[in-house]
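Colleague: here is a sequence together with a model predicted from it:
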Amino acid sequence: MARYDRVSEALKREIGIIIHDELNDPRLGFVTIMRVELTEDLRYAKVFFSVLGQEEERKKSKEALDSALGFIRRLIGQRIRLRLVPEIIFYEDRSAEYSVRIEEVLNEIKELNEPKKSNRLHKKK
């Protein structure tokens, strides 16, 4: 595993732990860290998260995460041995929502294309 991947995984794990165990902000919803993308020089980290809930809960969670950036970065500096602690930017990841919506649409299409069982029984008579 390359250093880039090890650092990304370590950041993902630690940020998740910090959010769930250290942050007590009531604005935070059920936040899950999906992935971390680092620049090649490991100075900047894009942290993609998802929030279970409605648009308002997602918005409040994003505000809470943005307000805790310095705290999270300081704890990462204490827990992970890096020469430079990367600057963190939080991005909302809605890929889970999209995949659920795609699955719903595919199921609707499948139901439309399936012949109805009642018609088959009726034709046999």
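Modeller: On my side now, so go ahead. Because the structure is a prediction, the values reported are computed rather than measured.
Colleague: ok now the helix or strand where A96 lies, how far from the chain's centre?
Modeller: In the assignment (DSSP states H and E), A96 maps to helix 95-113. Averaging C-alpha positions (C-alpha atoms, centre = their mean, to the nearest Å) puts helix 95-113 20 Å from its chain's average.
Colleague: show me what that helix is packed up against.
Modeller: Here helix 95-113 touches strand 44-52, going by 3 or more C-beta pairs under 8 Å, 6 or more residues apart in numbering; DSSP states H and E. Any C-beta I mention is one placed from the backbone N, CA and C, and that applies to glycine too.
Colleague: okay, the angle between the strand it packs on and helix 95-113?
Modeller: 50 degrees (axes from the mean of the first three to the mean of the last three C-alpha atoms, to 10 degrees).
Colleague: averaged pLDDT, strand 44-52. What do you get?
Modeller: If you average the pLDDT over strand 44-52, you get 93.
Colleague: and for stretch 12-29?
Modeller: Stretch 12-29 comes out at a mean pLDDT of 93.
Colleague: quick check: pLDDT value at Y98.
Modeller: Confidence at Y98, expressed as pLDDT, is 85.
Colleague: hang on, I meant M1
Modeller: For M1, the predicted pLDDT is 77.
Colleague: one more: E114?
Modeller: So, for E114, pLDDT stands at 83.
Colleague: could you tell me the end-to-end distance of stretch 81-88?
Modeller: Chord length of stretch 81-88, first to last residue, is 16 Å (C-alpha to C-alpha, to the nearest Å).
Colleague: may I see the buried residues of it?
Modeller: V85, P86, I88 (16 or more other C-beta atoms under 10 Å).
Colleague: tell me the secondary structure at the first one.
Modeller: What DSSP: H, G, I helix; E, B strand; the rest coil gives for V85 is coil.
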